[in-house]
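>>> Quick one, what's the 3D model for this:
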Amino acid sequence: MGKAQKYVLLGDATYPLQDWILKPYQEDEKLTRRQLQFNYRLRRAHSVIENAFLRLKARWQILLKCDDCSLELLPNLVLACCVLHNVCEAHDNPFNEEWLEGAEPTELPKPCQPAPAAMEDGRAEQVRELMCQYFESCGEG
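From the prediction side, this is the model:
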């Protein structure tokens, strides 16, 4: 869309809209077709991420027991599992779908209450609007 954007995290409606946290438009508002499409694409992207983490936990089941792990070690453990996963894929050691039986999707912790409007960043609406325009220009799907 002619404007460079930095990376963003995907959040749900309970997170404040920030220029680095993309969240959907509120569903209780009268949304335009473009805003509904934006929300749909955000949900699709979120489901891809959930599926990737589910597959990672299924291949490396130590990630299912991270309660026993120190918080300082956790980022390195996840990174090591990602690297090992890529090594396995590069050497034709495919993912076994049966592994998914042991790794159930888990609900990740999130805020109980929506963030107050005062926490929202006014510039973030411009980022969301740019993304909304971009998704519209890409067509349906």
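>>> For stretch 48-66, which outside residues touch it?
Stretch 48-66 has contacts (CB atoms under 8 Å, 6 or more residues apart in numbering) with 10, 74, 77-78, 81-82, 84-85, 88, 95, 99-100, 102-103, 105. Where C-beta positions appear, they are placed from N, C-alpha and C, glycine not excepted.
>>> and residue 68, how many neighbours?
Counted with other CB atoms under 10 Å, the neighbours of residue 68 add up to 6.
>>> Wait, a helix at residue 57?
Yes - checked against DSSP: H, G, I helix; E, B strand; the rest coil, residue 57 lies within a helix.
>>> ok, it to residue 122 distance?
38 Å (CB to CB, to the nearest Å).
>>> So the two - more neighbours on which side?
Neighbours per residue, other CB under 10 Å: of residue 57 and residue 122, the larger number sits with residue 57, 23 against 8.
>>> Residue ranges in the chain under the pLDDT threshold?
Within the chain, the segments meeting pLDDT under 70 span 1, 29, 66, 104-114, 116, 139-141.
>>> Do a quick rundown of the helices in it.
33-59, 74-90, 122-137 (DSSP state H).
>>> For residue 17, find the nearest of those helices.
Smallest distance to residue 17 across those (CB to CB): 4.4 Å, for helix 122-137.
>>> for that closest one, packing partners?
On a contact count with 3 or more CB pairs under 8 Å, 6 or more residues apart in numbering; DSSP states H and E, helix 122-137 meets strand 21-22, helix 33-59.
>>> tell me which residues in it are buried?
124, 127, 128, 131, 132, 135, 136 (16 or more other CB atoms under 10 Å).
>>> quick one: the fifth one and residue 84, what's the gap?
Distance of residue 132 to residue 84, computed by CB to CB: 38 Å.
>>> Quote the end-to-end distance of stretch 12-27.
11 Å (CA to CA, to the nearest Å).
>>> Other residues contacting that stretch?
By CB under 8 Å, 6+ apart, stretch 12-27 touches 6-11, 31, 35-36, 38-39, 42-43, 46, 110-116, 119-121, 123-128, 131.
>>> buried subset of the residues you listed?
Among those, the ones that count as buried by 16+ other CB under 10 Å are 8, 11, 35, 38, 39, 42, 115, 120, 124, 127, 128, 131.
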